[in-house]
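Asker: Just the structure for this:
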Amino acid sequence: MIDGDFELDVNEILAELSEAEVFSIFFPIFRKSLVIDLRSLELSGPMIQIMKIAFSPQERIRSIRRARPGFPRRPNLAIFPWPRNVNSLVSEGIWEQLTKMLMDAGHANAKAATDKVLEDLNRLQNAELSRVIVGENYHTIWASQPMRE
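Answerer: Predicted structure coming up:
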């Protein structure tokens, strides 16, 4: 249901990730973003965190500044949507690259942190799909009509 026919250039995404210090992958289906900041300061290492979806790049930069005071104000930021199933990040090789980037940046527990975030993203996605199925916060566009004879 989720994966549909969305065209994504995985090689382009991987290239953008390799050049950015900070990136946000947002999931429009359940309105959350994965934010990864590879920068470090003396007492604060790289960050991986799920945040509310931002409505603009400026809003995302402000949320990162609030989460990471003391870091430079204008990070090199890459933002892209992920309209597919969360696990397709794994099957497309993006998740492995994110984990490697965090390890290379010095995140002390990169593998455990990315595993936990992946589990949380899947939980959020499944909860949203459950809401769709039961109609919680959703309504039909067309109501079924009884058949006329």
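
Asker: rest of the way, CA atoms for contacts and neighbours
Answerer: Will do.

Asker: Identify the residue spatially nearest to residue 57, adjacent ones excluded.
Answerer: residue 79 (7.6 Å; C-alpha to C-alpha, 6 or more residues apart in numbering).

Asker: And the contacts of the helix or strand hosting the one you found?
Answerer: Using DSSP states H and E, residue 79 sits in strand 77-81. Contact with strand 77-81 is made by 16-17, 20-28, 57, as judged by C-alpha atoms under 8 Å, 6 or more residues apart in numbering.

Asker: Farthest-apart pair in those, please.
Answerer: 21 and 28 (22.6 Å; C-alpha to C-alpha).

Asker: Tell me the helices and strands packed up against the helix ranked longest in the chain.
Answerer: The single longest helix within the chain, with elements called by DSSP state H, is helix 110-134. Judged by 3 or more C-alpha pairs under 8 Å, 6 or more residues apart in numbering; DSSP states H and E, helix 110-134 is in contact with strand 47-52, helix 94-104.

Asker: So which of those is nearest residue 11?
Answerer: helix 94-104 (9.3 Å).

Asker: What residues of the closest one count as buried?
Answerer: 94-95, 97-103 (16 or more other C-alpha atoms under 10 Å).

Asker: Format the CA atom coordinates belonging to it as PDB.
Answerer: Written as PDB, here are the backbone C-alpha positions of helix 94-104 (Å, rounded to 0.1, in the frame of the first residue of the first chain):
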ATOM      1  CA  ILE A  94      20.300   3.900   2.600                       C
ATOM      2  CA  TRP A  95      20.000   2.700   6.200                       C
ATOM      3  CA  GLU A  96      23.400   1.000   6.100                       C
ATOM      4  CA  GLN A  97      24.900   4.200   4.700                       C
ATOM      5  CA  LEU A  98      23.300   6.300   7.500                       C
ATOM      6  CA  THR A  99      24.700   3.900  10.100                       C
ATOM      7  CA  LYS A 100      28.100   4.000   8.600                       C
ATOM      8  CA  MET A 101      28.100   7.800   8.400                       C
ATOM      9  CA  LEU A 102      27.200   8.000  12.100                       C
ATOM     10  CA  MET A 103      30.000   5.500  13.000                       C
ATOM     11  CA  ASP A 104      32.500   7.500  10.900                       C
END
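
Asker: In terms of secondary structure, what does the helix or strand bottoming out on mean pLDDT in the chain contact?
Answerer: Across the helices and strands of the chain, mean confidence by mean pLDDT, DSSP states H and E is lowest for helix 10-19: a mean of 87. Helix 10-19 sits against helix 94-104, with contacts defined as 3+ C-alpha pairs under 8 Å, 6+ apart.
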